[in-house]
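Undergrad: sequence below, structure please.
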Amino acid sequence: MRKITFIYLFILCTFYHNTYAQPSIQYVNLQISPKKWTYEKKEEIIFQLYATAYDQPVNKQVVVHYDFGMDGFEHLHKGKVALKEGRAEIGPFSVDKAGFYACRVHMEYEGKTIKSFSKAGYQVAEIQAVTPLPEDFTAYWEQAITKAREVSLKPEMTLIPDLCTSEVNVYHISYHNTKEGWRGTGKMYGLLNIPKNSKGPLPVIIGYPGAGVRPYAHRYAIAEKEVIYLQMGIHGIPVNLEPSLYQDLATGALANYQIRGLDQRDTYYYHRVILGCVKAVDFVKTLPEANLDQILVTGGSQGGALSIMVAALHPDVKGLAAHYPAMADMMAYRKHQTGGWPHQFKHFDEQDHPNWLKVAPYYDVVNFARQLKVPGLYLTGYHDDVCPPMPFYAVYNNISAPKALGIYPNAGHWQYPEQSAAAEEWLLRFFSELNNN
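TA: Okay, the predicted model is just below:
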């Protein structure tokens with residue numbers, strides 16, 4: 001069997017998921033970056049400043065204030081430096097713990113407060129996860145999936161003529177997920193894109209969404225390349241309704257869903273979500289057009305987390321592309337390390353929620369990553385404050401399966417337009433490798 005070929009992509013790809021916008025451009029800019037993006041043991045960290053006004057170096061006497069320390073725990077070193085011809089250096093700083101270190105800066109210029117920040121990694125290959133692995137982790141999820149599968153899928157597909165093209169049929173789909181007590185059986189919904197004129201069987205990509213409550217769109221571009229694409233929703237509601245409905249749910253019934261029910265393993269909001277995402281693989285296996293030996297999963301942020309979870313739990317998933325996964329080493333804050341979204345342990349009082357510490361490890365991406373057996377592409381940006389790079393590496397360093405790393409150092413929780421194309425290329429190449437095995 002030919003070995004899957006991996007390439008190191010020095011990019012951050014965010015393939016088919018919602019992201020935050022890039023920061024807006026101002027006429028006054030304060031740029032900061034480390035001399036190197038990553039440092040090894042005993043190397044000192046130095047940051048470089050460059051301030052401009054109307055694209056010219058700031059030539060006034062301006063003082064820049066800085067705050068340096070472990071990402072999310074600054075204040076290790078605080079001070080100020082004066083700009084000379086718009087430039088200055090901050091540091092050097094000596095650190096002794098593997099992780100990511102942030103330098104946050106601000107200056108006053110013509111009545112405006114200008115802020116910026118940058119991060120640098122230190123011994124990133126040595127970053128360790130804090131979140132423990134429960135002894136019954138595997139057994140718990142095996143039992144939960146078995147129970148969920150006692151509920152028949154009963155899949156439904158409704159063609160949406162207005163979204164179909166000469167090359168792609170688009171369906172609104174649903175299937176039964178889990179029993180919800182006396183209320184009956186819950187469903188999962190998604191948008192399915194199937195090439196019209198291709199001879200099957202066709203490879204399949206399942207896309208899981210980033211956090212939030214929203215409708216979802218067609219995926220013509222990838223389907224036109226002879227790939228079935230299923231864009232999943234997670235909230236058990238149709239994904240093609242009026243946008244105002246989702247806004248009302250996001251600020252009402254589904255507000256703060258990411259921590260709802262975290263006091264109990266079986267009632268946490270993501271319990272139903274994870275099982276429904278696993279059953280998405282079962283759903284695509286019912287499609288006569290699908291190649292059951294070529295199923296990949298992908299997503300970013302929350303979707304990156306779900307991609308890792310499903311790839312670890314479902315044996316028919318052959319690979320994944322996970323972009324800055326959320327829910328990663330969430331308990332790291334307990335050991336003065338940066339934890340992952342939704343950051344419920346950052347300002348945590350154990351007296352208020354004593355069971356959270358017991359339940360969270362069953363839902364932490366680190367522990368699913370430890371179970372992975374299939375190849376994957378994992379991507380992050382160092383400037384991401386939503387899904388920071390430190391918990392990303394806590395996940396990545398615990399993966400023993402074949403893995404490729406994609407980095408774009410100055411990216412935050414957003415994407416460059418070119419990056420989606422790069423991730424798509426990697427996934428399509430993966431299918432090609434599978435065909436040749």
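
Undergrad: use CA for all of it now, contacts and neighbours both
TA: Will do.

Undergrad: which parts of the stretch 201-350 of the chain are helices?
TA: 220-223, 243-251, 269-284, 302-313 (DSSP state H, counting those that start in this stretch).

Undergrad: what residues does the closest residue to residue 122 other than its chain neighbours make contact with?
TA: Take residue 122 and drop its neighbours on the chain: the residue closest to it by C-alpha to C-alpha, 6 or more residues apart in numbering is residue 39, 4.7 Å away. By C-alpha atoms under 8 Å, 6 or more residues apart in numbering, residue 39 lies in contact with 45, 120, 121, 122, 123.

Undergrad: what pLDDT does residue 39 get?
TA: pLDDT recorded at residue 39 is 99.

Undergrad: what backbone torsions are found at it?
TA: Main-chain dihedrals, residue 39, degrees, to the nearest 10: phi -120, psi 150.

Undergrad: which SSE is residue 104 in?
TA: strand 99-109 (DSSP states H and E).

Undergrad: so which elements touch the helix or strand following that strand?
TA: Going down the chain from strand 99-109, the next helix or strand is strand 112-122, by DSSP H and E. For strand 112-122, the elements it packs on are strand 28-34, strand 38-39, strand 99-109, judged by 3 or more C-alpha pairs under 8 Å, 6 or more residues apart in numbering; DSSP states H and E.

Undergrad: need the ones you listed in TSV with distance to residue 79, can you?
TA: Below are those laid out as TSV (distance: least, C-alpha to C-alpha, whole Å):
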stretch	distance to residue 79
strand 28-34	15
strand 38-39	22
strand 99-109	10
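
Undergrad: residues touching the most centrally placed residue in the chain, list them.
TA: For the chain, residue 301 is the residue whose C-alpha lies nearest the centre (C-alpha atoms, centre = their mean; 2.2 Å). Each residue near residue 301 by C-alpha under 8 Å, 6+ apart is listed here: 209, 210, 211, 323, 324, 325, 326, 387.

Undergrad: next one: the helix or strand bottoming out on mean pLDDT in the chain to chain centre, how far?
TA: Here the helix or strand of the chain ranked lowest by mean pLDDT, DSSP states H and E is helix 417-436, holding a mean of 84. Put simply, helix 417-436 sits 18 Å off its chain's centre (C-alpha atoms, centre = their mean, to the nearest Å).

Undergrad: buried ones in that helix, by neighbour count?
TA: Going by neighbour count (16 or more other C-alpha atoms under 10 Å), the buried part of helix 417-436 is 419, 420, 422, 423, 424, 426, 427, 428, 430, 431, 434.

Undergrad: what about residue 174, helix or strand, and which?
TA: strand 168-179.
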